[in-house]
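Q: Based on what follows, work out the 3D shape:
(chains A and B)
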Amino acid sequence: MKSVVKQEVLALNGDEAVAYAVKQSDVDVVAAYPITPQTIIVEKFSEYVANGEVETEFVCTESEHSALTACLAASATGARAFTASASAGLALMHEMLFVTSGCRAPVVMAIANRALSAPLNIHGDHSDTMAQRDSGWIQMYVENAQEAYDSIIQAFRIAENLHVLLPVIVGLDGFTLSHTLENVQTLSDEAVKKFVGTRQFPKVMSHEGKTVPFRLDPENPMSMGPIALPNYYFEFKRQQEEAMRNALSVIQHVNEEFGKISGRSYGDGLLDPYMLDDAEIAVVCLGSTAGTVKAVVNELRADGVKAGVLRMRTFRPLPVDGIVDALRKVKAVAVMDRSMSFGGSGGPVFHEVRHALYDLPAHPYIVNYIYGLGGRDTSPTQIRQIFEDLRGIVQTKRVESSVKYVGLRE
Amino acid sequence: MTAQEKSWKEIAPAGVCWKPSTKFLTGDWKTYTPLRDLEKCTRCLLCVLFCPDGAIRWNAQKGDIEFDLNFCKGCGICANECPTKAIEMKLE
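A: Presented below is the predicted three-dimensional model:
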C-alpha cells in the first residue's frame, strides 16, 4: 500500500510511540499512575503537557483505581480520555474496568503487558490482560512499536464509534516492545487529528423526558449506570455484547481507512495471517512473538515446508468466523499462550481457538504451547521445534499431549 | 418480562434512567411502618432531618409533618431519634 501523506521516521520505543500517538490524537484528559514497563508512556506524555505541546488535562492520581475512575468520569462528560498501566496496576483497576465498559465510556488504555506477582516479576507476559478478558473491554495486541503507534490512533476511532462505545485496551509486550527502540513512521499532527475526529454522541431519553446527547451535562442532567435490578440488568449486559459484535466490522473498517492514509494495515484488523493460504501447519499467537514466528516460517518455506502464522490482533471481540476461515484447511495448529489458566485445559487463546474450530466437520489437530512467562525468551530454535512437532502430528495423526511448555526446565 | 418492561433494543445504554427516581416506588421494601402519636409529637422536625430517604416532609399548609410511605423503607431511624418517643415501628 502507498501512503498518501508525508510521514516522518522517528526513533521511538513502544512506550514512546504510544505517547506520541496520544499526543497527536487530541486527547482531553490523561489520568495515570506509573508502573513498569508502562511508565515511559505517561512520563513522556507529562513532558508534552509540561512543555505546552498539548492542551490535555493531566491528572496524577494516587492509584490505578483512581486513574481509571478519573478517565471514566472525564469520558462520561464527553471528553476523550486515555490512561496506561500494566500488571498489578491493571489488576487494581479491575472493578473500574467493568464500570467503564458498563457506562459505555470509550476510554483508551495502553497496557505494557507484564507478569503478575507472586513471585514479583516486571517482565513481559499476557497474564495481566488475560485476567481481564471478561471485563467488557476490546483487547488488541500489537506486534511492534509501529503497530503500537498505529493502533492507539485507531483505538480512539473504534472506541468512540456510535455502534461500539466501548473502552479499548491496546497491549504491547513489556520490554520486548515497550523498551525497544524502532524506526516508527509517524503521520503529521493534522493527519492524525483529522483521522481521529471529534467525539459524537448518540441521543438518549433522560429522566426529564428530553432527548439529549449521551453525556453528563449540567444543562441536561442524566444518571449514567446508577442501578439496574433483576428486571433490567440483564438487558444492559446484552447491549454490551451487541456492541462487541458491532466492533468486529468497525475494527476492520478503521484498519482499512487507516491503511488509506498511512499505507499500513494489519491483516483485516482482526486477524493478521502470514503465508497461511496453502499452509499445512500453522502457529496462532499474539503480540511480538509473531515477528519471531514469521522469521522461522520464512526459513521453513525456503526448505519447502508449508508453514504459516495466524496472528490474532484482536482478542476481544473474538473473530470466530475469521479464525475458522483461516484455519479450516490447515492440518495441524499450534496455539501459543503467554499466560496460564491454572487448572484449565490449556491457556486462554487455546481455549478460544479450539472452541472456534469445534463446528468444523473436520478439525485440524490442535496443540497448546505455554511460553514466555515472566519474560522468558522464546528463541527461533524453540519455534522451529513447535513446527517440527506439528509435522510429527500430521505424520502420526496423533496429538500425544495437548498442552506443552516451551523452554521450561522439567 | 412484563408488558411494560422494555427489551434490550429499546433502552438507552449504560443504564441511563428514562424516568425519575420519584417514579420508582420503593416503599414496598419495608417490613415496619412508622406510626406517629400526634399527642406526643412536638413537630421538632428531627425525624425530617434524619430520614435517609427524604420520606418525611414538612407540609407548611397543614403545619404538620407527613410520611411518604411510597418511599419509607421502615428503617426506624425516625423512631430512634424522636426525643419524645412519638414514633412506633409497627410490623406489617
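Q: check contacts around residue 25.
A: With no chain named, the answer covers chain A. A:80, A:82, A:152-153, A:156, A:192-193, A:196 (CB atoms under 8 Å, 6 or more residues apart in numbering or on different chains). Backbone N, C-alpha and C define where each C-beta goes, glycine included.
Q: actually it's chain B I care about, not the one you picked
A: With contact set as CB under 8 Å, 6+ apart, B:L25 has these partners: B:70-71.
Q: can you rerun that using 6 Å?
A: B:N70 (CB atoms under 6 Å, 6 or more residues apart in numbering or on different chains).
Q: one step back: return the member of the contacts of A:S25 nearest to A:I281.
A: The nearest member of the contacts of A:S25 to A:I281, counting by CB to CB, is A:I152 at 33.7 Å.
Q: isn't there a helix covering the closest one?
A: Yes - assessed by DSSP: H, G, I helix; E, B strand; the rest coil, A:I152 belongs to a helix.
Q: I'd say it and A:K23 touch.
A: No - applying CB atoms under 6 Å as the test, A:I152 and A:K23 come out as separate, 10.1 Å apart.
Q: So for those two, which residue has more residues nearby?
A: Comparing A:I152 with A:K23 by other CB atoms under 10 Å in any protein chain shown, the one with more neighbours is A:I152, at 31 against 20.
Q: A:H355 versus that one, what's the distance?
A: Distance, A:I152 to A:H355, by CB to CB, to the nearest Å: 30 Å.
Q: Same check on A:L373?
A: 23 Å.
Q: In the stretch 301-410 of chain A, what residue lies closest to chain B?
A: A:P317 (16.9 Å; CB to the nearest CB).
Q: Okay, and the closest residue in space to that residue that isn't next to it in sequence sits in which element?
A: Computed as CB to CB, 6 or more residues apart in numbering or on different chains, the closest residue to A:P317 that is not its neighbour in sequence is A:M244, at 4.3 Å. Secondary structure assigned from DSSP states H and E places A:M244 in helix A:233-262.
Q: tell me how far that helix is from the chain's mean position?
A: How far helix A:233-262 lies from its chain's middle: 13 Å, per CA atoms, centre = their mean, to the nearest Å.
Q: Could you double-check that A:H363 lies in contact with A:A356?
A: No - A:H363 is not in contact with A:A356 according to CB under 6 Å; the separation is 9.9 Å.
Q: Which one of these two is surrounded by more residues?
A: A:A356 (19 against 16).
Q: ok, that one touching A:V320?
A: Yes - contact criterion CB under 6 Å: A:A356 and A:V320 qualify, at 4.7 Å.
Q: Please enumerate the strands of chain B.
A: Counting by DSSP state E, chain B has strands at residues B:32-36, B:56-59, B:64-67, B:87-91.
Q: Go through the ones you listed and pick out the most buried.
A: Highest mean neighbour count of the strands of chain B: strand B:32-36, a mean of 17 (counted as mean count of other CB atoms under 10 Å in any protein chain shown).
Q: Mind giving me the packing neighbours of it?
A: strand B:87-91 (3 or more CB pairs under 6 Å, 6 or more residues apart in numbering or on different chains; DSSP states H and E).
Q: what separates the strand it packs on from the chain centre, distance-wise?
A: 14 Å.
Q: Now it: average pLDDT?
A: The pLDDT scores in strand B:87-91 average 97.
Q: Remind me what it packs against, helices and strands.
A: By 3+ CB pairs under 6 Å, 6+ apart, strand B:87-91 packs against strand B:32-36, helix B:77-81.
Q: Redo the ones you listed as JSON lines? Include mean pLDDT and distance to B:D64.
A: Listed next are those as JSON lines, based on pLDDT from 0 to 100; distance: least, CB to CB, whole Å:
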{"stretch": "strand B:32-36", "mean pLDDT": "97", "distance to B:D64": "10"}
{"stretch": "helix B:77-81", "mean pLDDT": "98", "distance to B:D64": "15"}
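Q: quick one, which of these is nearest to A:Y141?
A: By CB to CB (comparing all of the helices and strands packed on strand B:87-91), the closest turns out to be helix B:77-81, at 52.8 Å.
Q: Any buried residues in that closest one, and which?
A: Judged by neighbour count (16 or more other CB atoms under 10 Å in any protein chain shown), helix B:77-81 contains these buried residues: B:77-79.
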